[in-house]
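Novice: Dropping the sequence and predicted coords here.
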Amino acid sequence: MKLSLSLLVLGLILVTFVIVDSQAGSGTDPLVVDIMVSPSTVALDSQGTWVTVHAEIAYSAVVSAGVTLDGIPVTYTKSDNRGEFVAKFDLDAVKARFSPGTVTLTLYGVTTAGVPFSGSDSVKVTGGGKKK
């Protein structure tokens with residue numbers, strides 16, 4: 001952020017103050033967005049195709065190609081009917097990382113302004129042991 005302010009006192013002195021946010025875009029404080037992962041239950045023995053993540057951030061504000069879900073690269077993105085970001089991830093890649101129980105999945109990305117963002121949601125994992 002850069003803010004400028006000029007002050008003219010009786011036409012004698014012009015003083016300009018410039019305030020610069022040195023941390024802007026540095027990635028130290030990522031934007032946290034609400035997400036919803038679907039399905040809410042992942043069966044390790046299922047034959048599905050996708051894990052879909054709905055994020056409460058404008059589709060136009062996201063650099064789609066860099067989005068990941070716990071390190072899994074995005075396969076497909078689109079805008080929902082509200083203009084918000086939707087990402088699809090390969091179900092087998094997600095299933096390969098988890099054993100039965102409740103797990104937290106985290107979506108990571110960067111906005112078109114260069115600000116990192118993330119959001120997390122928990123899902124239940126059922127079925128056999130960890131896939132290899």
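Specialist: Noted; the coordinates are in hand. Numbering: from 1, shown residues only.
Novice: shouldn't residue 46 be in contact with residue 94?
Specialist: No - using C-beta atoms under 8 Å, residue 46 makes no contact with residue 94, being 10.9 Å away. All C-beta spots, glycine's among them, are computed from the backbone N, C-alpha and C.
Novice: Have a look at this structure and report the helix or strand with the lowest mean pLDDT.
Specialist: strand 13-20 (a mean of 44; mean pLDDT, DSSP states H and E).
Novice: Flag the shaky bits of this protein, pLDDT-wise.
Specialist: 1-28, 128-132 (pLDDT under 70).
Novice: Show me where it has its helices.
Specialist: Counting by DSSP state H, the segments of the chain that form helices are 91-95.
Novice: Which residue ranges of it form strands?
Specialist: 2-9, 13-20, 31-32, 35-38, 41-43, 50-58, 68-69, 72-73, 76-79, 84-90, 101-110, 116-126 (DSSP state E).
Novice: So between residue 46 and residue 94, which is more surrounded?
Specialist: residue 94 (23 against 14; other C-beta atoms under 10 Å).
Novice: Report the beta-bridge partners for the nearest residue to the more buried one once chain neighbours are set aside.
Specialist: Leaving aside its chain neighbours, residue 94 sits nearest to residue 51 (4.8 Å; criterion: C-beta to C-beta, 6 or more residues apart in numbering). Judged by DSSP bridges, the bridge partners of residue 51 are residue 89.
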